[in-house]
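A.B. asks: Need a 3D model of the following:
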Amino acid sequence: MGLGLNGGGLESARYLARCGAECTITDMKDESVLAPSIEELMALPGSHRSFRFVLGRHEMEDFTKADIVIKNPAVPPDSPYLSAARRIETDISLFLAASPARLIAVTGSKGKSGTSSALHWVLAKARETSPCNALKPGSRAFLGGNITVSPLSFLDQLNEDDDVVLELSSWQLGDIKGRRLPSDSSRMLLKPRSAILTSIMPDHLDRYRTMEAYINDKRLIYSGQDKKDATIACADDHWGQSFLSETPGRPLPYSSESLETGNGNIAFIDPKSGAGLIKNGDEWSEAVPQRLLVPGRHNKKNCLAAALALADMGLPAALIRESLGTFPGIEHRLEFFHKKEGFFFYNDTAATIPEAAAAAVETFTGNCISGKQESRLILVTGGTDKNLDFSPLVRTIQATRAEENAMDIVVLSGTGSDKLSALFKETGISFHGPFNNINDAAFRALELGEKAKKEAAIEAIRQSDEKTAAQITVVLSPGCTSFGMFKNEFDRGRQWKEAVRRL
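C.D. replies: The predicted structure follows:
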């Protein structure tokens, strides 16, 4: 139920076909939209025998007759079609029931993809370059889950010495609530060796309606743990403190500020050096370098959470620090993708809530590339609303302008942009748009950047200043969902990159 275009439905169908199942694939989208996924399935040997497609609609009879319904995470659990099903699974539940590998699970509102990718990067690098006692020779590291890679795509390759980093959304966690391991009913289906919770912010309130309901699904990541396992959460906020206090696993706190010493490992960012420090016993070690390839304090905090989990698994701090220092980041999340004639372009399309866009503004203002005052930020933002409060983004922009950092704003069309534009007008923040085409938005951003460069050059001549040419940072950080103008946020990011390179 739900083939989609991001790989989850595709890999479920592919996996089940390999297992000999007869699959009905049903999706409310039609064949023209789902063509890429359909083409991949039909290229499989024997596909004409394995797959039957019901597209553009759902048929109740398909659900009542099926032995198993594989649910896409985006399908609400109260769907009447699901209520007619005999048994409901997801690609995650199928994977967890069969995987022999050690599991590191990551959730949160923002930062979970960056943290998951950093974990996988270090685990893979350590196996390639610096073997240690914590990792078995010949073993491998895998990454999957909400990061658009279904873990069913590599399930057949796993053995017990491998590591799997699994990014889990609140929806994916909610889908396996109360589920137990089929082969051992005394154990929960999800029992990660390390459970990591990144920043918690209001999100998906169009589906959950209350923040508490949203948080309750997040709590499921550690509900099956015991004292052999670790729960890593941020001690800086109420939610993180509640996770650490109630987990049945070992609570390991991390913070952007100094922490009081306590039992077990703890980690914080040193306010003097900016490095991430980890305490193991009575010894402090640097596990996150002062400078990372991906900018932003929030990215350093995500790397700190990853480092704390890795150290608890037995990896040496020096190895963790060296590997994190080469971590390039991930596509669609503060992704640096193009540079030309003083312009630096970033793709942060995965910033789908206002707080994430605010974090992007804080990352670049006053410290765009070189930290020089002549750097200017052009923010491309806005999109479709999901019942969120845009005041955090507006407050951050107000604070940025109060500090006299140069900034322009380009707004994309959408219901979220309507709310955001109203707040901009109330607070006297000027903006350009809204634009209902990504090419038009990119073109306007380039115009604003060229204008800023000329103004900086004229001012340099007037002041007889031998400054270098102005640096222009252009970042797409929408703070909204993508639906309406784009297929999904990844389509939005790809279209943004294509438009910039073409223009």
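
A.B. asks: any idea which residue sits dead centre in this structure?
C.D. replies: Ser113 (3.3 Å; CA atoms, centre = their mean).

A.B. asks: so where's the stretch 401-503 of the chain uncertain?
C.D. replies: Applying pLDDT under 70 to the stretch 401-503 of the chain picks out residues 402-405, 464-469.

A.B. asks: all strands of it, in order?
C.D. replies: For the stretch 401-503 of the chain, applying DSSP state E, counting those that start in this stretch gives strands covering 407-412, 432-435, 472-476.

A.B. asks: same question, the stretch 251-400 of the chain
C.D. replies: For the stretch 251-400 of the chain, strands defined by DSSP E, counting those that start in this stretch occupy the ranges 266-269, 276-280, 283-288, 335-340, 343-347, 376-381.

A.B. asks: most neighbours per residue, which of the ones you listed?
C.D. replies: Stretch with highest mean neighbour count among the strands of the stretch 251-400 of the chain: strand 376-381 (a mean of 27; mean count of other CB atoms under 10 Å). Placement of C-beta: from N, CA and C, glycine included.

A.B. asks: what does it contact?
C.D. replies: Strand 376-381 is contacted from outside by 357, 360-361, 364-365, 368, 393, 397, 400, 405-412, 417, 420, 441-442, 445, 448-449, 452, 456, 470-480, 496, using CB atoms under 8 Å, 6 or more residues apart in numbering.

A.B. asks: how would you label the residue nearest to the centre of the chain: helix, strand or coil?
C.D. replies: helix (DSSP: H, G, I helix; E, B strand; the rest coil).

A.B. asks: Let me see the confidence value for it.
C.D. replies: Each residue has a pLDDT score; the one for Ser113 is 91.

A.B. asks: How about it: what's its closest non-neighbour residue?
C.D. replies: Once flanking residues are discounted, Ser113 sits nearest to Ile147: 5.2 Å by CB to CB, 6 or more residues apart in numbering.

A.B. asks: Next, count neighbours for the one you found.
C.D. replies: 23 (other CB atoms under 10 Å).

A.B. asks: so how far is Lys453 from it?
C.D. replies: Per CB to CB, to the nearest Å, Ile147 is found 37 Å from Lys453.

A.B. asks: The helix or strand bottoming out on mean pLDDT in the chain - contacts with which helices or strands?
C.D. replies: Among the helices and strands of the chain, helix 205-208 carries the lowest confidence by mean pLDDT, DSSP states H and E, at a mean of 74. Packing partners of helix 205-208 (3 or more CB pairs under 8 Å, 6 or more residues apart in numbering; DSSP states H and E): helix 211-219.

A.B. asks: Let me know the average pLDDT across the helix it packs on.
C.D. replies: On average, helix 211-219 scores 93.

A.B. asks: Buried residues in that helix, which are they?
C.D. replies: Buried residues in helix 211-219, defined by neighbour count with 16 or more other CB atoms under 10 Å: Tyr214, Ile215, Asp217, Lys218, Arg219.

A.B. asks: what about the third one, distance to Ser199?
C.D. replies: Applying CB to CB, the value for Asp217 to Ser199 is 16 Å.

A.B. asks: Likewise for the first one?
C.D. replies: Shown here: Tyr214 relative to Ser199, a distance of 13 Å by CB to CB.

A.B. asks: ok so, going back, quick one: contacts for the residue nearest to Ser113?
C.D. replies: Ser113, Ser116, Ser117, Glu167, Ile330.

A.B. asks: quick one: the residue lying closest to the third one once chain neighbours are set aside from Arg501, how far?
C.D. replies: This means Ser117. Nearest non-adjacent residue to Ser117, counting by CB to CB, 6+ apart: Ile330, 4.6 Å away. Per CB to CB, Ile330 is found 19 Å from Arg501.
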